[in-house]
Structures are given as C-alpha cells and as structure tokens.
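*Asks:* sharing a model prediction with you, sequence too.
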Amino acid sequence: MISQRMAPTITQRIRQAVIRMSLGETIGDVPIYSLHKIRTVMTSNPIAISAGLKAVLVQELVSANVQYKADSGRDWNCLTSHNLVTAIEAVDAELKARIQGLNDLPKEQQAVREKLVERLTQASEQGILLIQQWFEANFVNLRYETGGHVPWAVVCRLRRNLGFWIATKVNRFGQDIEEAILDIAKEANIEADTPEEAWEAMGGKLFRPGS
C-alpha cells in the first residue's frame, strides 16, 4: 500500500515524465524552426554564401529533420535548437575536412598550399558566421507553427540562446527542460509550483506524446 507521504513524490515523477515525453530532456529539444519556412525565406532573402555552401547547408538541415523525426516519433517538418546547431556544426566540419584535403598537394606546392588554406579558412569562417547571423536575423519568420503550444517567453529565451551561441560559442540549449521552464517563468514574473503549471501559466500547452 502506498502511503500518503509517498504520493507527492510519485505525482512529481509522473508530471516529470509528462513534461519530458512532451517537450524532451532539455530546452533545446523544443521544436522551433520550420523546414518549409527556412526554404521559403532562403529564396526571398538568401544567405550571402556560395551555391555550393548553400547546398551543403540544405542537405544538413534535411538530415537534421530526419533525426528529429527519429528522436521525437513525430512526423513534423521542423527543427529544434539542437538540430540547428548540429546542422551548422556539420557544415563547418565538412568545410574543414575539404580544406584539410589540401595537405595532399605535393611538397613543392607548400607555399601555395599555405596561402590557399589561409584564404579558404577565412572564407569558411565567414560563411559559417553568415549562416548563423541569417538564422538569428530571420528567427521570427522561421518559426514552426505549433498552435500556441510553445509560450512566447520560451521562444524569446531560445532566440537569446541562439544569439549567445553565435557570439560566444557557448551552447545553452542543454539546460534541463524543467529547470529552464521554471527559470523562464520566474523571469516573466510568473509563480508556479511545477514546470507543467509554469508552462501553462505562460500560455503554452503540452504536446501529446507521439502527436
């Protein structure tokens, strides 16, 4: 027989499970970017990068969406903050690998190789920065439509975290989802006893598992 003393702990665990099944383990697991809108805005307001780099980026974004579907069990054409960071980092890694391939040039071309590597490295870093800044500048227009499930305060936090990652290379998207929700609610002057209450008090709704 379960004592009344144990009941709150069990209830808390149930609520914790509901939160995590609905939203994920971290704040970076919340769906925020629409793959369709990314493509649309890229057409109307293209990133100032080469066609080749754009192709690599699009490929990585699509791969990130495939990963989202596998992880979440939802057939949504969207990306989380984690997905976006992973995609951009994959593009960066691909560029670095291509530059690294220049090491295969003959030794007699060493001087040429060094200059070429320097120029390509600078161009690569600039390209990644342009991609990051484009996502930050177009953040609002890229949002995935969740029917009001994600509170605006959470959206704003995710946008700030994106800007912080771009400016400092420090990734804050790994913050525990429950801790993040309570923190965001507190920042919005909302008092709540549980993350679930805080989420709903901020105007959000939990996603149904597998919806």
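*Replies:* Structure received. Predicted, not measured: the structure shown is a model, and the values here were computed from it.
*Asks:* what about residue 147, which SS state?
*Replies:* Following DSSP: H, G, I helix; E, B strand; the rest coil, residue 147 is assigned to coil.
*Asks:* next up, phi/psi of it, please.
*Replies:* Dihedral angles of residue 147 (phi, psi; degrees, to the nearest 10) stand at phi 70, psi 30.
*Asks:* let me see the confidence value for it.
*Replies:* According to the prediction, residue 147 has pLDDT 92.
*Asks:* quick check: closest non-adjacent residue to it.
*Replies:* Spatial nearest neighbour of residue 147, chain neighbours left out: residue 205 (7.8 Å); criterion: Cβ to Cβ, 6 or more residues apart in numbering. Heads up, the C-betas are built off the backbone N, CA and C, glycines and all.
*Asks:* part of a helix, is the one you found?
*Replies:* No - assignment of residue 205 by three-state DSSP gives coil, placing it outside any helix.
*Asks:* pretty sure it is touching residue 151, no?
*Replies:* No - under the criterion of Cβ atoms under 8 Å, residue 205 makes no contact with residue 151, lying 9.1 Å away.
*Asks:* which ones are touching the residue nearest the centre of the chain?
*Replies:* Centroid-nearest residue in the chain, with Cα atoms, centre = their mean: residue 81, separated by 1.1 Å. Residue 81 sits next to 27-28, 30, 32, 158, 161-162, 173 when contact means Cβ atoms under 8 Å, 6 or more residues apart in numbering.
*Asks:* may I ask which two of these are separated the most?
*Replies:* Using Cβ to Cβ, the pair of the contacts of residue 81 lying farthest apart is 30 and 162, separated by 12.4 Å.
*Asks:* so what pLDDT did the residue nearest to the centre of the chain get?
*Replies:* 99.
*Asks:* over to residue 153?
*Replies:* For residue 153, pLDDT reads 97.
*Asks:* for it, pull up the helix or strand it's in.
*Replies:* Residue 153 is located in helix 152-168, with elements delineated by DSSP states H and E.
*Asks:* which helices and strands sit right next to that helix?
*Replies:* Applying 3 or more Cβ pairs under 8 Å, 6 or more residues apart in numbering; DSSP states H and E, one finds that helix 152-168 contacts helix 81-100, helix 110-137, helix 177-187.
*Asks:* since that was my last question, I'll sign off now.
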